[in-house]
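In: Show me how the following folds:
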Amino acid sequence: MSDFDLTPKKPTDSDTVITELMMPHQVNNLGNVSGGEVLAMVDRAAAVAAIRHAGRPCVTVAIDRVDFREPIRTGELVTCSARVNYVGTTSIEVGVRVDAENPLTGVKRHTNTCLLTFVAIDDAHRPTRVPPLDLTDPDDRRRYEAGRKRRRRRLELT
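Out: Residues are numbered from 1 along each chain as shown. Below you'll find the predicted structure:
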């Protein structure tokens, strides 16, 4: 059992938003920002949300789903908005929404959605308990239940 605070936390307590301007060195041979660049940003945003929730270091253990809906171009702002959806005993599922924005016009587009799973680790780098979620908000409860179903499906596949 962890000696850290296991008081329930609201998903909003760990919300994380990062924004970055996409530069020419981040594009692929088609002129679009490479998927790897986007995934690196997604992983960083999700990791911060997981760490904020756990109050401990967390490591990525899975990227369940990545939906690339639209390309992102050089010069656009990319914003990754991460929120904890579900927590187990030691694991945390984080959903990340990715939006691209033309900084000159302000026009925004939803380009990607990703789900990542993290595990909190202790000082010995072993899994450790995480606080439960405060699910007083109905939307948070809905996200939690969807995450619980996804976790159950993942476990059935192993």
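
In: the helices in this structure, which residues?
Out: Per DSSP state H, the chain carries helices over the ranges 35-54, 138-157.

In: tell me the angle the helix or strand bottoming out on mean pLDDT in the chain makes with helix 35-54.
Out: When each helix and strand of the chain is scored by mean pLDDT, DSSP states H and E, strand 58-68 comes last, with a mean of 90. With axes from the mean of the first three to the mean of the last three C-alpha atoms, to 10 degrees applied, the angle from strand 58-68 to helix 35-54 works out at 130 degrees.

In: Report the buried residues of strand 58-68.
Out: 58, 66 (16 or more other C-beta atoms under 10 Å). In this view, the C-beta of every residue, glycine as well, is placed from N, C-alpha and C.

In: Tell me which strands it pairs with, and in which orientation.
Out: If you go by DSSP bridges, strand 58-68 pairs up with strand 108-120 (antiparallel).

In: Show the contacting residues for the residue lying closest to Val33 once chain neighbours are set aside.
Out: Closest residue in space to Val33, ignoring its immediate chain neighbours: Ile72 at 4.1 Å, by C-beta to C-beta, 6 or more residues apart in numbering. Residues near Ile72 by C-beta atoms under 8 Å, 6 or more residues apart in numbering: 22, 32-33, 38, 78, 100, 111.

In: Among these, name the buried ones.
Out: Buried among those (16+ other C-beta under 10 Å): 22, 32-33, 38, 78, 100, 111.

In: now the protein, which segments are flagged as low pLDDT?
Out: 1-3 (pLDDT under 70).

In: Need the residue closest to the centroid of it.
Out: By C-alpha atoms, centre = their mean, the chain has its centre lying nearest to Ala46, at 3.0 Å.

In: Okay, it and Thr105: tell me how far apart.
Out: Distance of Ala46 to Thr105, given as C-beta to C-beta, to the nearest Å: 28 Å.
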